[in-house]
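1. Sequence first, then the predicted structure, then my questions.
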Amino acid sequence: MTQLALIIDLNVCVGCHACVTSCKEWNTSGPAGPMSDENPYGADPTGVFFNRVQTYEVGTFPDTCTLHFPKSCLHCEDPPCVPVCPTGASYKRKEDGIVLVDYDKCIGCQYCSWACPYGAREFDEKQKVMKKCTLCVDRIYSETLPERDRKPSCVLACPTGARLFGDVHDPESNVSRAIRDNAGYDLMPEWGTHPANHYLPRRRTTMTIHEDELIRADNPLKIDGKQPKPTTQQPTLDDSTSW
Amino acid sequence: MKPPFSVIFLTTLIGVGQGLFLALYAGQLYSFLDLIPNQDSHDFYAVGSLIVMLFLVGGLIASFFHLGHPERAWRAASQWRTSWLSREVIALPAFMGVVFIYGVCHWFNWHPLVLDLSDTYHVDFTLLLGAVGVLLSFVLFICTGMIYACLRFMQEWHTPLTPLNFILFGGASGFLAASVFSSFSAPELTRFFAGWAITLTILAMLSRSFTLLRNARIRPKSTMSTAIGVKHPHIVQISPGSMGGSFNTRAFFHGMSGRFMRMIKPAFILFSFVLPLILMATGMTSATALITAFIFQYLGLLAERWFFFAEANHPQNLYYKRIA
């Protein structure tokens, strides 16, 4: 069985919101759209987004860490929003595990948004239906796009490569490896929803340099500095010999 | 949660309707057993059923204002296998249908004999139909309550007390409505209904107070740490990801001050339970006292239902601390 999902590397995300705008651009023009806005140029702009980047500060000054946290539908393996839907508009696809809303069946009762602990669903005030991340289902299977573009638009937009896309049920997929190798975790595990999307934690990026690496080990005569520096035209010792 | 007024009116109005039907049927059952005087089929049961229908239709109309696409409401009956909301959507019209037929039978005084228990006890069609109505009334109460109680991460709602409260509130307000009705149409039954209304109001008060105590002691299972997966005790949101708010900041916060929240709790206890109890106990036979008691209790229940939504703390609010 396939379960498509996004993996978000919090260690890499710089909080640029490129995924947010790219998502909105693709999805507002696609079959899911329009994702209507209210007051887009007014004082209180608001509207429907499938994906938002939040920012948190962890720790107390001066020992703080800024954390950018992209948040969209997690495509839970056991989605609590699906069984509560009275019309069957909210469903999880068997073939790839994507949780979708059928906008033609949705009656806009908003019960599914109550049933989602993550607040992943947003009600479209103009179309009067519930909307959410589709994992760009109209994009990832599109025959008209080149093979390399058949990925969710947030993934393609990310300039730092903080977003990975793949099948988390395939143990050898890039996403499964990333989860395994980097201690990937899911959100609010206490509710047993088993989100398919995972997050890779912030990790300390360090490089260990030992003292003996700072001096040339292959310099038995300790003649560094004794000989005159070669001019830029002359070949250096490193260029001509391999010790 | 932001209390949706359509749902507040739906649940309180059908609660009164269901309770009033239970009261009417209790009257029929008691008079069948010769415990209370018999009432006229047309003037009491048929007119009573009409009032029940008015409350139920009122609730049904209110519920449509909750929907973005009311014209698709019929679809909501399809997922009864998994969704309590869908079950409610089936139970409400089914209950209304039974009440309607029950009322029509009484209106035309149509009581075909179904069963002869003995020379004195003759079970007629309306007695059986009413029993089905009672069953459906309870099914509807449970469906309504379970819509909220089944959401496991809404810790304030996820308790058997939620459907129990719906039953007791509906029962209390319905029997109180029945006592008002009977003070005009069947004065000899007023004490019977008012007595039940007092009992149910006391039970509802106990059950709701216990729920308040329980909810005050809830320790949220979700924390900032589990929400974003960072194991640190000090996490502050800098930006919720939107400037002018979003659906998430509008639909899950009641937006009232702490002072208002502290005031509405004693207010609904006073209006739903204390004042109606005093009025019923002192003026059980006075129509004015009963009407005042009913109006107070209904206003109190509106406030209670508002508070029921407002006190529920959705885990998604953790992602919007900046707004809260």
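-> Thanks, I have the structure now.
2. And the strands in the stretch 1-150 of chain B?
-> For the stretch 1-150 of chain B, the strands defined by DSSP state E, counting those that start in this stretch cover B:113-116, B:122-124.
3. what's the answer for chain A, then?
-> Secondary structure of chain A, counting by DSSP state E: strands at A:4-9, A:37-38, A:46-47, A:51-58, A:65-72, A:90-92, A:99-101, A:122-124, A:129-131, A:163-167, A:198-200.
4. nearest to B:Pro233, of those strands?
-> For B:Pro233, the closest of the strands of chain A is strand A:51-58, at 9.6 Å, according to Cβ to Cβ. Yep, even glycine has a C-beta here, placed from its N, CA and C like the rest.
5. which neighbours does that closest one have in its sheet, and in what orientation?
-> Using DSSP bridges, the strands paired with strand A:51-58 are strand A:65-72 (antiparallel), strand B:235-239 (antiparallel).
6. What angle do strand A:4-9 and it make with each other?
-> 30 degrees (axes from the mean of the first three to the mean of the last three Cα atoms, to 10 degrees).
7. I'd like to check the angle between strand A:51-58 and strand A:163-167, please.
-> Between strand A:51-58 and strand A:163-167, the angle comes out at 120 degrees (the same axes, to 10 degrees).
8. Mind listing residues that contact strand A:51-58?
-> Identification of contacts with strand A:51-58 by Cβ atoms under 8 Å, 6 or more residues apart in numbering or on different chains yields A:13, A:15-17, A:19-20, A:23-24, A:64-72, A:133, A:154, B:228, B:230, B:232, B:234-242, B:246, B:319.
9. Swap in 6 Å and give it another go.
-> By Cβ atoms under 6 Å, 6 or more residues apart in numbering or on different chains, the residues outside strand A:51-58 that reach it are A:15, A:17, A:19-20, A:23, A:64-72, A:154, B:230, B:232, B:235-241.
10. now swap in stretch B:107-121 and tell me
-> So stretch B:107-121 is contacted by B:Ser41, B:His42, B:Ala46, B:His122, B:Val123, B:Asp124, B:Phe125, B:Thr126, B:Leu128 (Cβ under 6 Å, 6+ apart).
11. from memory the third one sits against B:Tyr102, does it?
-> If I follow you right, that is B:Ala46. No. Counting by Cβ atoms under 6 Å, B:Ala46 stays clear of B:Tyr102, with 8.7 Å between them.
12. check contacts around the closest residue to B:Ser63 other than its chain neighbours.
-> Nearest non-adjacent residue to B:Ser63, counting by Cβ to Cβ, 6 or more residues apart in numbering or on different chains: B:Leu10, 4.2 Å away. Residues near B:Leu10 by Cβ under 6 Å, 6+ apart: B:Gly59, B:Ala62, B:Ser63.
13. which one of those is nearest B:Leu203?
-> Using Cβ to Cβ, the contacts of B:Leu10 come closest to B:Leu203 at B:Gly59, 22.5 Å.
14. May I have the residues that are in contact with whichever residue of chain A sits closest to chain B?
-> For chain A and chain B, the shortest gap (Cβ to the nearest Cβ) falls at A:Gly108, measuring 2.0 Å. Going by Cβ under 6 Å, 6+ apart, A:Gly108 touches A:Lys128, A:Val129, B:Leu67, B:Gly68, B:His69.
15. Please repeat the previous calculation with a cut-off of 10 Å.
-> A:87, A:89, A:123-125, A:127-130, B:66-70, B:72 (Cβ atoms under 10 Å, 6 or more residues apart in numbering or on different chains).
16. Repeat that for B:Thr162.
-> Contacts of B:Thr162 (Cβ under 10 Å, 6+ apart): B:Thr144, B:Gly145, B:Met146, B:Ile147, B:Tyr148, B:Ala149, B:Cys150, B:Leu151, B:Met154, B:Glu156, B:Thr211, B:Phe308.
17. ok, so what distance separates the last one from chain A?
-> If you measure B:Phe308 against chain A using Cβ to the nearest Cβ, to the nearest Å, the figure is 13 Å.
18. how many neighbours does that residue have?
-> 26 (other Cβ atoms under 10 Å in any protein chain shown).
19. which element is it on?
-> Using DSSP states H and E, B:Phe308 sits within helix B:287-311.
20. pLDDT of that helix, averaged?
-> Across helix B:287-311, the average pLDDT comes to 96.
21. which strands and helices sit next to that helix?
-> Under the contact criterion of 3 or more Cβ pairs under 10 Å, 6 or more residues apart in numbering or on different chains; DSSP states H and E, helix B:287-311 touches helix B:5-32, helix B:161-185, helix B:190-216, helix B:258-269, helix B:275-282.
22. who wins for proximity to A:Asp78 among the ones you listed?
-> Nearest of those to A:Asp78, taken as Cβ to Cβ: helix B:161-185 at 22.6 Å.
23. And that closest one, what's buried?
-> Residues B:161-183, B:185 are the ones in helix B:161-185 that count as buried (16 or more other Cβ atoms under 10 Å in any protein chain shown).
24. Kindly report the same for stretch B:233-245.
-> Those would be B:Ile235, B:Gln237, B:Ser239, B:Pro240, B:Gly241, B:Ser242, for stretch B:233-245 by 16+ other Cβ under 10 Å.
25. Output the lowest mean pLDDT helix or strand found in chain B.
-> Ranking every helix and strand in chain B by mean pLDDT, DSSP states H and E puts strand B:113-116 at the bottom, with a mean of 79.
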